[in-house]
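Engineer: What shape does this take:
(one chain, ligands or ions: 1)
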Amino acid sequence: MLRRYILLNTNKFVNCRHVSQSMLQSTVDEKSGIATVTMNKPPVNSLNLEFLDEINTQLNKLQKDKIRGMILTSGLQKVFCAGLDITEFYNPNPDRLAKFWTVLQDTWLSLYMASFPTVAVINGHSPAGGCLFAMSCDYRVMVGPKYTIGLNETKLGIVAPKWFQDTMVAVIGQRKAEVSLTTGKMYTTDEALQVGLIDESLPDADSALKKGTQFLNNFQRISPWAFKMTKDISRQPTVQWLIDNKQKDLDFVLKFMQSPDVQKSLGLYLQSLKK
Ligand SMILES: CC/C=C\C/C=C\CCC/C=C/CC(=O)SCCNC(=O)CCNC(=O)[C@H](O)C(C)(C)COP(=O)(O)OP(=O)(O)OC[C@H]1O[C@@H](n2cnc3c(N)ncnc32)[C@H](O)[C@@H]1OP(=O)(O)O
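Structural biologist: Next up is the predicted model:
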């Protein structure tokens, strides 16, 4: 493994393994065994087929490398992740759409059930799929006060799939999730903290990264096996539906996304984004 000193977001030099460098930068601190995975796909870290594939491959690699924890963050100025790349849904090629959705399912399962503790350092806006990724980590630290987070699918004229919804229910509870999902609510950092969608709010990215690392350091005294078993038991009810219904979920998405009404809504939404 290539060893070198590199500059991390914390502006400190640390001895680390440099795992990869592309749309995703991943570094592992040799001493703590904590990986920092930085999404860096300008302009907004939208999740397309290739990016999701890279994220999933990296998560599986970190698992094999037996890292002790992971921070997921963004290398962009003001966006953590803009969610799924809407162009994957608009006038889709059915084969590519099927691959895209399958990789999304797999990436979510890898992240949600990661064998190591995970923290999302949300250093920018985090709508829809970005919120899903943040909610799938074990702890969320968000940089405030100016960014927003939430599952806004209804505002696009589409519907958050069951497993997106269940992930939110697991974090903020049934009632709050229902209101949040039906209204497509995007929470400010303060609102997200109040509702329990995030665990901490910090004024800048450096202190958020420190907080995330502090959380992960709690696990130095906890057996990785005990951690993983506890997490599996806790998260099993949320993941089981997708594990049992991957094909059904995919078939539904293929049909739903090719319907003229949904295509019309997506076209209008894409246009409004371009404006
Ligand atoms: C029972 C039913 C079950 C199942 C149904 C089946 C399937 C449904 C699946 C639905 C799941 C969807 C999950 C999603 O994640 S959908 C994506 C939702 N994302 C958004 O709404 C975010 C939109 N973006 C923004 O709000 C802003 O861009 C953001 C706040 C993130 C950043 O703002 P900023 O001002 O910094 O940048 P912009 O100028 O807006 O954007 C720059 C360029 O990037 C393009 N862009 C932005 N977001 C996306 C995206 N998600 N996908 C693709 N492209 C995106 C934007 O258009 C700009 O492009 P250019 O103008 O530069 O060409």
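Engineer: Verify the contact between Phe219 and Phe227 for me.
Structural biologist: Yes. In this structure, Phe219 sits in contact with Phe227. The criterion is C-beta atoms under 8 Å, and the distance is 6.1 Å. In short, each C-beta sits where N, CA and C put it, glycine included.
Engineer: Overlap of the contact sets of the two?
Structural biologist: Here Phe219 and Phe227 have Pro117 as joint contacts, going by C-beta atoms under 8 Å, 6 or more residues apart in numbering.
Engineer: what residue ranges in the chain are flagged as low confidence?
Structural biologist: Applying pLDDT under 70 to the chain picks out residues 1-21.
Engineer: Quick check: residues of the stretch 151-275 of the chain near the ligand?
Structural biologist: Applying C-beta under 6 Å from any ligand atom, we find that the stretch 151-275 of the chain lies next to the ligand at 152-153, 156, 158-161, 252-253, 256, 273-274.
Engineer: Tell me which two of those residues sit farthest apart.
Structural biologist: Phe252 and Lys274 (28.4 Å; C-beta to C-beta).
Engineer: Look at those two and report which has more neighbours.
Structural biologist: Set side by side, Phe252 and Lys274 show unequal neighbour counts under other C-beta atoms under 10 Å, the larger going to Phe252 at 15 against 6.
Engineer: Next, that one: phi, psi?
Structural biologist: Comment: the main-chain dihedrals of Phe252 come out as phi -60, psi -40, following degrees, to the nearest 10.
Engineer: List the contacts of it.
Structural biologist: Residues in contact with Phe252, defined by C-beta under 8 Å, 6+ apart, are Pro161.
Engineer: repeat that with 10 Å
Structural biologist: Applying C-beta atoms under 10 Å, 6 or more residues apart in numbering to Phe252 gives the contacts 101, 159, 161-162, 245.
Engineer: can you pick the most crowded of those?
Structural biologist: Looking at the contacts of Phe252 with neighbours defined as other C-beta under 10 Å, the largest count falls to Trp101 at 25 neighbours.
Engineer: I figured that one hits Leu49, correct?
Structural biologist: Yes. Between Trp101 and Leu49 a contact is recorded at 9.3 Å, counting by C-beta atoms under 10 Å.
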